[in-house]
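S.K.: Give the three-dimensional model of this entry:
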Amino acid sequence: MEGIVVSINISDKKGQKKKPVERARITMEGIKGDAHAGRWHRQISLLAEESIEKMRKKGLQIGYGDFAENITTKGINLAELKVGQRLKIGNEVIIEVTQIGKKCHDDCEIKRLTGECVMPKEGIFARVIAGGTIRVGDNITVMK
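M.R.: Numbers count the residues shown, from 1 in each chain. Got it, this is the predicted structure:
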């Protein structure tokens, strides 16, 4: 299964929307400059553009990073991945899925507006296995 990186998003504080950047350095703690980087199991979050599109069809005007996802993907059904599966991004970076979905916090703006949020069911979290640089447009390959 293959897809592409549609957007890379970072923020310097937790609990806020992330801003798109063209490329990012991935270290063994996550995305350099992102508030969620650290020595834990949720270093990088991913959400598919297809999931974001579901919310746009409900009338929301939302962009990449609005769900606080670090990497917006296209072409891979992230929710079908299993914990422990690895993804190769670009030529260098390898991440391992550590969690599928998460509990939506009570003050989630999207959940308040629409009654639901896609991140709890369709977003995934990963830890870094091999670092490097990723760019918008890079291929993502699901490894065995």
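
S.K.: what about Lys14, how many neighbours?
M.R.: Per other C-beta atoms under 10 Å, the neighbour tally for Lys14 reads 9. Yep, even glycine has a C-beta here, placed from its N, CA and C like the rest.

S.K.: how close does it get to Ile124?
M.R.: Distance check for Lys14 against Ile124: by C-beta to C-beta, to the nearest Å, it reads 18 Å.

S.K.: So which bits of the biggest helix by length in the chain are buried?
M.R.: Looking across the chain with DSSP state H, the single longest helix is helix 49-56. The neighbour-count check on helix 49-56 (16 or more other C-beta atoms under 10 Å) flags 49-52, 55 as buried.

S.K.: and of these, the nearest to Lys74?
M.R.: Glu49 (4.5 Å; C-beta to C-beta).

S.K.: So what sits opposite the residue most central in space within the chain in the bridge?
M.R.: Nearest to the mean C-alpha position of the chain, by C-alpha atoms, centre = their mean, lies Leu46 at 1.6 Å. Counting by DSSP bridges, Leu46 is bridged to Ile71, Ile124.

S.K.: again, but for Ile31
M.R.: Beta-bridge partners, per DSSP bridges, of Ile31: Ile26.

S.K.: how about it, what does it touch?
M.R.: By C-beta atoms under 8 Å, 6 or more residues apart in numbering, the contact list for Ile31 reads 8, 10, 24-25, 37, 43-44, 70.

S.K.: just Ser7 next, same as before
M.R.: By C-beta under 8 Å, 6+ apart, the neighbours of Ser7 are 20, 64-65, 71-72, 136.
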